[in-house]
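A.B. asks: quick check, what structure comes out for this input:
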Amino acid sequence: MREWPDGLRPMRTGVSAAAFDTRLNSPTLPGSAARRRLARLEFEDVAPPESFSVTCREGPLAPGALDRARPWGRDLAASESRMRRTT
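C.D. replies: Numbers count the residues shown, from 1 in each chain. All right, here's what the predicted structure looks like:
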């Protein structure tokens, strides 16, 4: 998955996107891949990029991360539903 965002290219203006990543809370690791890699693409943000913490490289999600992810996903789905009704 690390290489996938690097291969993305803007297809045209007016294309919406949302991104999230998982990350370890570590002072030696760089910041959010979702923020860094997708910021340079010309997609319209449906939602700000979000990071969810994991307990180790393979997971699972850190305590509280799922509680934050659920409303983010619900808001994203609701936003998509509103967009479809207006087009």
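A.B. asks: helices of this protein, start to end?
C.D. replies: Shown for the chain, the helices assigned by DSSP state H span residues 33-38, 65-86.
A.B. asks: point out where the protein drops to low pLDDT.
C.D. replies: Low-confidence segments of the chain (pLDDT under 70): 1-14, 26-40, 42, 83-84, 86-87.
A.B. asks: might you report the residue contacts of residue 64?
C.D. replies: If you count contacts by Cβ atoms under 8 Å, 6 or more residues apart in numbering, residue 64 has them with residue 53. In short, each C-beta sits where N, CA and C put it, glycine included.
A.B. asks: 31 is where my numbering starts, stick with that
C.D. replies: Yes, from this point I'll number from 31; that puts the last item at residue 94.
A.B. asks: how near is it to residue 110?
C.D. replies: Relative to residue 110, residue 94 is positioned 25 Å away (criterion: Cβ to Cβ, to the nearest Å).
A.B. asks: try residue 49
C.D. replies: Applying Cβ to Cβ, the value for residue 49 to residue 110 is 14 Å.
A.B. asks: can you check residue 74 too?
C.D. replies: As judged by Cβ to Cβ, residue 74 and residue 110 stand 12 Å apart.
A.B. asks: which of the two has more neighbours?
C.D. replies: Neighbour totals were compared for residue 74 and residue 110, and residue 110 leads with 14 against 11 (other Cβ atoms under 10 Å).
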